[in-house]
Structure formats: C-alpha cells, structure tokens
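K.L.:
Here is my input; please provide its structure:
(3 chains)
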Amino acid sequence: MPELAEVEWFRKQWDPGLGQRIEDVLLHDKKRIFRGGDAAALQKALTGATLERSEARGKQMLFVAKSPRGKTRAWLGLHLGMTGNLRVEKPDFAPAKHDHLVLRQKKQALVFKDARLFGRVLFGEGKEPPEWWAKQAPDLLGTAFTKTALADFLKRRKKAPIKAVLLMQERFPGIGNWMADEILWRAGIHPAQPAGTLDAKEIGALFRDIRGVCRDALRIIGKNWGDPPDSWLFNHRWQKGGTCPRTGAKLKHATIGGRTTCWSPARQKLRS
DNA sequence: TCCTATGTTGTATG
DNA sequence: ACATACAACATAGG
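P.N.:
Numbering: from 1, shown residues only, chains lettered A, B, ... in the order given. As a prediction, this is how the structure comes out:
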C-alpha cells in the first residue's frame, strides 16, 4: 500500500506520542519483521526513553527517542512493506495477530501493524544516526535531484524499461507502482520504453512530472489521506474497462518490470 | 481453487 | 563488477 505520500501520512499518525515517555515495548512477531536485527536491544533501549521526533525519506521512516538520562539516542526505523500501517490505540490496547510492535505510553499506544510481513523494523543506538538512515537516497524534491542526475541514471540503466527504473529506490526514493505509472502517464512515455532511448525532451518531461507527482501526492494524500482527483490516472487504473481521463481511450494493462502496469496507449507510444 | 495485491531481496545469468 | 530478470517472501480478499 504505502508509497511516498502514504508513508508520510502514516508517520504522522504517531505524532500524539512525541514528547512522551515510552512506558513499555511489546514485540509480537520477532522472527521476520526484525530480519536478524537485535529485537531485545531495541526493547531495552526504547523502554523508558522519550520519543523526540520523526522523519520520512522515501518509504523509510525514522523515529528518534532520547534515553532517560544519557545523551544517547535510540533510532527506530520502520518500513511498511506492502501492507504495513501505523496507528494509535488506547494505552491498555492488547495487540492482535499482525500488530508486531507496540510502544505503550501513558496516554496512548503506538501500533505498527503488517499483515504480510514485507515490512521491517530497523534499530540503532548512539549519538549519530545509523548507517541505514544516513545512506538513504536524496529527496526527489530537494536540490540534489537534478535533471542531469536523472539523465545520468537513465544512461546507466539504458536497457531496462523506464517503468522498472523508476521503481529503483536508490535513485527514486518513495516512488512505487502507482506513482511510476502516474508519472509516465503525465509525461506521455510508454512504460516499456528502454530508459536509454529517452530523448532530451522526454527526460525534461520526466523530471518535471516526477517532482510534480511527488508534490501533488504529498499535498493531497500525505496531508489528510485525501482522494486524488479524477483528472489523475490513479482513480481509473484499477477500474474494469477504465478509460484515460485525458483522451477517453481505454487503458491498457500488462506486467512490465515485474509489476502490473497501466498506461494510456493514446498518449504513451512505444518507439523503436 | 486460483488469481491478485501501492515492496524488497537473493540469486542466476549475461 | 555491473546490469537485468525473476522467484521468493506471507497473508488476505475477490
């Protein structure tokens, strides 16, 4: 479920717990969601710590907690995978089947749920943010993401379909299946077009629409989980017999880059 | 029963 | 070493 804007929205669901002490940490499924990380150390470090702040970069979230007396910090990383979510419950909440991590506080409990277990919990301790956070790719709306950086990356991945390339988190953090389709639809580029064959005009459009979709998604979904307008591909892509909101033509679907892909054949044509 | 799912990662191959 | 393709992971819902 969660891409850039959904992750940002879920991150804020734990805002009621900021500035408050964590009384207790409940771990449900230790096996998969921690992927070999030290769940016991996480539990120990977070118990009694005060939740200070949180951030999201792409699909990765970071929650920072301050130890009771020391200067050290506990760094909690959450990735929602395909089906993860964050929510708030009453302080005496008892975790159900898929609630893998619960931070209990006086006024509420902060709950991480993930049915399919594709999500993951990361952890680190110390003064500096851990490696897994520091090495996150630069924000697509920041200054480090330039048209030149985009063109260079496309050149390196020249044989791969552009759809698959947009899903690479090392360069496009936060872009997922629906955002990639939305971007290519706006830019008028066929999802199977090899990345190295895009001309300067297409790269310009792609750059513009990557940032445009990120901005719009954060504004509409990231803020209040609002519904995207019908002028987007989003509301038509899963509908049976769905049509392109710009051309009215019937949308096409196929597996490209290993993922179900939707495009409007009237405005996205494959070139040779 | 079979197919699908807004994601990543390990492995095989070129 | 790098790029590409795809199965595997685990569960729920149509």
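K.L.:
I'd like to know how far A:Q136 sits from A:I22.
P.N.:
24 Å (CB to CB, to the nearest Å). Backbone N, C-alpha and C define where each C-beta goes, glycine included.
K.L.:
swap in A:I256?
P.N.:
For A:I256, the distance to A:I22 (CB to CB) stands at 44 Å.
K.L.:
circling back to that earlier point, out of A:Q136 and A:I22, which sits in the busier spot?
P.N.:
More crowded of A:Q136 and A:I22, by other CB atoms under 10 Å: A:I22, with 21 against 18.
K.L.:
residues in contact with the more buried one?
P.N.:
Residues near A:I22 by CB atoms under 8 Å, 6 or more residues apart in numbering: A:46-51, A:65, A:103-105.
K.L.:
which one of the residues you listed sits closest to DNA strand B?
P.N.:
Relative to DNA strand B, the closest of the contacts of A:I22 is A:L46; by CB to the nearest atom of the strand it sits at 22.0 Å.
K.L.:
what sits against the residue in the stretch 151-272 of chain A positioned nearest to DNA strand B?
P.N.:
Using CB to the nearest atom of the strand, the single residue of the stretch 151-272 of chain A nearest to DNA strand B is A:G176, 2.2 Å away. Residues near A:G176 by CB under 8 Å, 6+ apart: A:2-4, A:59, A:167.
K.L.:
on that earlier part again, which of the contacts of A:I22 are buried?
P.N.:
A:46-47, A:49-51, A:65, A:103-105 (16 or more other CB atoms under 10 Å).
K.L.:
What segments of the stretch 101-250 of chain A are strands?
P.N.:
A:109-114, A:120-126 (DSSP state E, counting those that start in this stretch).
K.L.:
and those, which is most packed in?
P.N.:
Compared across the strands of the stretch 101-250 of chain A, strand A:109-114 shows the largest average neighbour count, a mean of 24 (mean count of other CB atoms under 10 Å).
K.L.:
Could I get the average pLDDT for that one?
P.N.:
The pLDDT scores in strand A:109-114 average 97.
K.L.:
pull the helix or strand with minimum mean pLDDT from chain A.
P.N.:
helix A:223-224 (a mean of 88; mean pLDDT, DSSP states H and E).
K.L.:
Can you give the contact residues for it?
P.N.:
With CB under 8 Å, 6+ apart as the test, helix A:223-224 has contacts from A:W9.
K.L.:
And for stretch A:46-56?
P.N.:
Defining contact as CB under 8 Å, 6+ apart, one finds that stretch A:46-56 is touched by A:7-8, A:11, A:14-15, A:17-25, A:61-68, A:73-74, A:76, A:103, A:105, A:110.
K.L.:
what does chain A put close to DNA strand C?
P.N.:
Residues of chain A lying close to DNA strand C (CB under 7 Å from any atom of the strand) are A:32, A:82, A:97-98, A:115-118, A:156-161, A:164, A:195, A:257-258.
K.L.:
just those that are near DNA strand B?
P.N.:
A:82, A:116, A:118, A:258.
K.L.:
Check what pLDDT the closest residue to the first one other than its chain neighbours gets.
P.N.:
In this case it means A:M82. Using CB to CB, 6 or more residues apart in numbering and skipping the chain neighbours, the partner closest in space to A:M82 is A:F118 (4.6 Å). Looking at A:F118, its pLDDT reads 96.
K.L.:
OK, contacts around A:F118?
P.N.:
A:81-84.
K.L.:
what does A:A137 give?
P.N.:
A:57-58, A:169-173.
K.L.:
quick one: which of the residues you listed is nearest A:K90?
P.N.:
Lowest distance from A:K90 to the contacts of A:A137 (CB to CB) belongs to A:R57, with 30.6 Å.
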